[in-house]
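Fold the following and give me the result.
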Amino acid sequence: MDNVSQQRARKKMTTEFTQEDNLILQSYITVSLLVELKNNDLLTSAYFEGMTFGAPWIKDQLRSICVDNQGCAMMSLYAMLVLPREIVQNAYSAEYDAINDFLRVHTKNTTTNYRSDNPTTNYLRHIRNAVAHARSTFRPNDAVVFTDENTRTNESFSTELPLAHLGEFVHRLQSVHVAYIQTMQQRGESS
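Next up, the predicted model:
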């Protein structure tokens, strides 16, 4: 297929996506861009040195916190847990069950008094809620602490995911998103 045909196919594919599909695709691509900026050593590149920022202190802060920082981790989790909640999770329930099992094995110090967690705790739902409501904190060089609470029912959940397992958690979420995006592309090609 020549370049013009490829461009037409890509344009056709993206114009036929639903608004929800576009949101998932664009947020995933943005997260991927951040990962690739880190993988390609943006902060040590000549290009970065030549960049100007509207607020010069941002450049200094980026050097200090790097591209793969806590904010980037939370943006990634938000993009892969909160935005696609029903769209992706319903279509890939077996994969999300496997991610929940991964969290069950790798989290620590979990406490919950949610009645819905009896007999089995839905780690993924609680972590999604913690991310959505900015109830996630980092303990440096240790863990991410996720807290979910319902003040109306006086129920709460808390768990700690060691930083050593955060990358694997994100990778498992990414795998589901890649599968969903590939399905979107196949739908676009068959139309």
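
continuing past the least confident helix or strand in the chain by mean pLDDT, what's the next helix or strand?
Ranked by mean pLDDT, DSSP states H and E, the weakest helix or strand in the chain is helix 3-15, scoring a mean of 53. Counting by DSSP states H and E, the element after helix 3-15 in chain order, helix or strand, is helix 19-39.

what does that following helix contact?
Helix 19-39 has contacts (C-beta atoms under 8 Å, 6 or more residues apart in numbering) with 14, 17, 66-68, 72, 75-76, 79-80, 83-84, 87-88, 174, 177, 180-181, 184. To be clear about C-beta, it is placed using only N, CA and C from the backbone, and glycine gets the same treatment.

next one: stretch 94-112
89, 121-124, 126-127, 143, 155-162, 165, 168-169, 172-173, 175-176, 179.

Ok, stretch 140-157 next?
Applying C-beta under 8 Å, 6+ apart, the set of residues contacting stretch 140-157 is 73, 108, 110-115, 117, 121, 125-127, 129-131, 133, 135-139, 158-163, 166.

gap between the two ends of it?
End-to-end distance of stretch 140-157 (C-alpha to C-alpha, to the nearest Å): 21 Å.

now that stretch, how far from the chain's geometric center?
18 Å (C-alpha atoms, centre = their mean, to the nearest Å).

same deal with stretch 112-120?
Relative to its chain's centre, stretch 112-120 lies at 25 Å (C-alpha atoms, centre = their mean).
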